[in-house]
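Peer 1: take a look and give me a structure for this.
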Amino acid sequence: MIRPAQIGDIFTIQRLGRQATKLATIETLLNPQSAFRAALSAAILWNDAKVSTYLLQRREHGLASTGLLQMQKRPSRPEADILLLAPALDTTWGHPAIWQKLLAHAHIEAPQQGLTRLYADVPDQPLPVNTFIQTGFRVYTRQTIWRLSALAIESFAAQLSPSIRVQNKQDEWALQRLYARITPGAVQQAEGVHADQAVKPPLLEWWRGGIRKSFVLERGNEVHGCVQVAFGARGVWLQLWADTRSPDTSHLHELVRFGLTVIREDGVRLPVYVGVCEYESVLGSVLTDYGFAPFTDRAKLVKHVLQWVRSTAPLLTPVLDSVREVVPTPYVWPEEPRQRQILTQAKH
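Peer 2: Here you go, the predicted structure:
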């Protein structure tokens, strides 16, 4: 049986949370929190970023199967992220069947929460990725997380650029065009940009926690790139948006240097993380020049949720052709001449 977690499940949530696989990479690196704390946050969040917690407790053949799933709705978007699954597949009690049952239940619950897409950021390993694929998820891109140590920030020589300025509201249209130009169509479709007109691309919306600053690289009155800096309690996320297909990587170096300078001038001495998707491979060589090193490989998956739609339809009533009334008339059987003769003789 799978059901929403209740206050009496505190010890079960705490126990499973210690052996869970966390699937929200940025949140885990910047602002990690326990499964129990995430469950409690559902009652105190001021926006609609609701955290849903589901427990699997099933007993068959004398063996108990227990599992935990948490997912969080993205604020003002019909989307949710799978935060964690427990037990982890590499633990004693972990099994793909537990994950599959919980993921199937999350898909059933999604329409009731107005969700059209579910996302997961999974370790790029065969077992967890195939477990998600078997429940209807699909990989839309792969990503390598690069890490720069806090000590390297201290030794970094600050360098600002006159071509980079703070992002403002007037940049929205130019940033939308930048996103459409540098992002593959399959990724745009997975991120819901074409499905929902009200949904803005990730470049324009930051639904994760932490303080964020955004800057644009402008040359000749045209936006050529964007760098976003998100600060957390345990780390800093550097998000870069630029054309990585160009052989000239000077704009990438400019954005990286500017982002690191912002972090240094703010006095933050925490590890810095950058995500490099498989279609941005040239960015990895640029990060190497500044001391970054590969940290972990991830697979980004999505599952589209079918929505039940109520609609009215005209009721068609069959019309029968009218039939004229039939008037009955008396009918007398005709008598044969021989029969009439016999009857006349019999009377005499």
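Peer 1: how about low-confidence regions in the stretch 201-348 of the chain?
Peer 2: Along the stretch 201-348 of the chain, the model assigns pLDDT under 70 to residues 307-348.
Peer 1: quick one: the strands in it, in order.
Peer 2: Secondary structure of the stretch 201-348 of the chain (DSSP state E, counting those that start in this stretch): strands at 211-219, 222-231, 236-242, 272-277, 293-304.
Peer 1: closest one to Ala80 among these?
Peer 2: strand 293-304 (10.2 Å; C-beta to C-beta). Where C-beta positions appear, they are placed from N, C-alpha and C, glycine not excepted.
Peer 1: run a quick check on Leu89 versus Leu127, I expect a contact.
Peer 2: Yes - the pair Leu89 and Leu127 qualifies as a contact (C-beta atoms under 8 Å) at a distance of 5.5 Å.
Peer 1: neighbour count for those two, which is higher?
Peer 2: Leu89 (16 against 13; other C-beta atoms under 10 Å).
Peer 1: now the strands of the stretch 201-348 of the chain as a markdown table including mean neighbour count and distance to Ser149?
Peer 2: Below are the strands of the stretch 201-348 of the chain laid out as a markdown table (neighbours: other C-beta atoms under 10 Å; distance: least, C-beta to C-beta, whole Å):
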| stretch | mean neighbour count | distance to Ser149 |
| --- | --- | --- |
| strand 211-219 | 17 | 21 |
| strand 222-231 | 20 | 17 |
| strand 236-242 | 23 | 12 |
| strand 272-277 | 22 | 8 |
| strand 293-304 | 18 | 9 |
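Peer 1: take these and lay them out in a markdown table including distance to Trp173.
Peer 2: Formatted as a markdown table, these follow (distance: least, C-beta to C-beta, whole Å):
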| stretch | distance to Trp173 |
| --- | --- |
| strand 211-219 | 12 |
| strand 222-231 | 9 |
| strand 236-242 | 15 |
| strand 272-277 | 24 |
| strand 293-304 | 26 |
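Peer 1: looking at the ones you listed, which is nearest to Gln134?
Peer 2: strand 293-304 (11.5 Å).
Peer 1: which elements pack onto that closest one?
Peer 2: strand 117-123, helix 126-133, strand 138-148, strand 272-277 (3 or more C-beta pairs under 8 Å, 6 or more residues apart in numbering; DSSP states H and E).
Peer 1: between strand 117-123 and that strand, find me the angle.
Peer 2: 150 degrees (axes from the mean of the first three to the mean of the last three C-alpha atoms, to 10 degrees).
Peer 1: who does strand 293-304 pair up with?
Peer 2: strand 117-123 (antiparallel), strand 138-148 (antiparallel) (DSSP bridges).
Peer 1: contacts for that strand next, please.
Peer 2: 25, 107, 116-124, 129, 132-133, 135-148, 190-191, 273, 275, 277, 284 (C-beta atoms under 8 Å, 6 or more residues apart in numbering).
Peer 1: does Phe292 touch Thr144 like I think?
Peer 2: No - contact criterion C-beta under 8 Å: Phe292 and Thr144 do not qualify, at 10.3 Å.
Peer 1: the two - which one has more neighbours?
Peer 2: Just comparing Phe292 and Thr144: by other C-beta under 10 Å the higher neighbour count belongs to Phe292, 24 against 20.
Peer 1: if we can go back for a sec, hey, which of the strands paired with strand 293-304 is tucked in deepest?
Peer 2: Highest mean neighbour count among these (mean count of other C-beta atoms under 10 Å): strand 117-123, with a mean of 22.
Peer 1: let's see that one as PDB, backbone CA atoms only.
Peer 2: Output of strand 117-123 as PDB, limited to C-alpha atoms (Å, rounded to 0.1, in the frame of the first residue of the first chain):
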ATOM      1  CA  ARG A 117       5.700  16.900 -16.300                       C
ATOM      2  CA  LEU A 118       7.800  15.100 -13.700                       C
ATOM      3  CA  TYR A 119      11.600  15.500 -13.600                       C
ATOM      4  CA  ALA A 120      14.500  13.500 -12.100                       C
ATOM      5  CA  ASP A 121      18.200  14.200 -11.900                       C
ATOM      6  CA  VAL A 122      19.600  10.600 -11.600                       C
ATOM      7  CA  PRO A 123      23.200   9.300 -11.200                       C
END
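Peer 1: run through who's touching it.
Peer 2: For strand 117-123, the external contacting residues (C-beta under 8 Å, 6+ apart) are 21, 23-25, 71, 78-82, 106-107, 110, 128-129, 132, 137, 143, 192, 195, 296-305.
Peer 1: give me the angle between that strand and helix 126-133.
Peer 2: 170 degrees.
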